[in-house]
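Trainee: what follows is a protein structure lacking sequence information:
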């Protein structure tokens, strides 16, 4: 299934969080990586965004390490690409 501009805009909106640091990291990551993401990666990213802001912040600032391998890989990719 081919993602649409609407899918991108929906994810972009979901990247807008309550913390400026999260907003910047997530939006920059989405902008840089979205065109090259597989459908599975896009779905994983959408699921990732369903986590609470504080947990996302803790993962991205390396204050906690995700126990799920997919999440840990995504966090590493976000940190590398922002």
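Mentor: Good, I have the coordinates. Treat the numbers as computed from the prediction; the structure is a model and nothing was measured. Numbering: from 1, shown residues only.
Trainee: quick one: contacts of the helix or strand of the chain with the lowest mean pLDDT?
Mentor: Sorting the helices and strands of the chain by mean pLDDT, DSSP states H and E puts helix 5-14 at the bottom, at a mean of 91. Residues outside helix 5-14 that contact it (C-beta atoms under 8 Å, 6 or more residues apart in numbering): 27, 30, 34, 42, 45-46, 49. Every residue, glycine included, has its C-beta placed from N, CA and C.
Trainee: and the helices in the protein, which stretches?
Mentor: 5-14, 20-33, 39-48, 53-60, 69-80 (DSSP state H).
Trainee: tally up the residues packed near residue 82, please.
Mentor: The number of residues packed near residue 82 is 17, by other C-beta atoms under 10 Å.
Trainee: who touches it in this structure?
Mentor: Counted by C-beta under 8 Å, 6+ apart, residue 82 has contacts 24-25, 28-29, 32.
Trainee: state the pLDDT value of it.
Mentor: Looking at residue 82, its pLDDT reads 82.
Trainee: again with residue 23
Mentor: For residue 23, the model assigns a pLDDT of 95.
Trainee: outside of stretch 18-25 itself, list whatever touches it.
Mentor: Contacts for stretch 18-25 (C-beta under 8 Å, 6+ apart): 15-17, 53, 56-57, 60-61, 78-79, 82.
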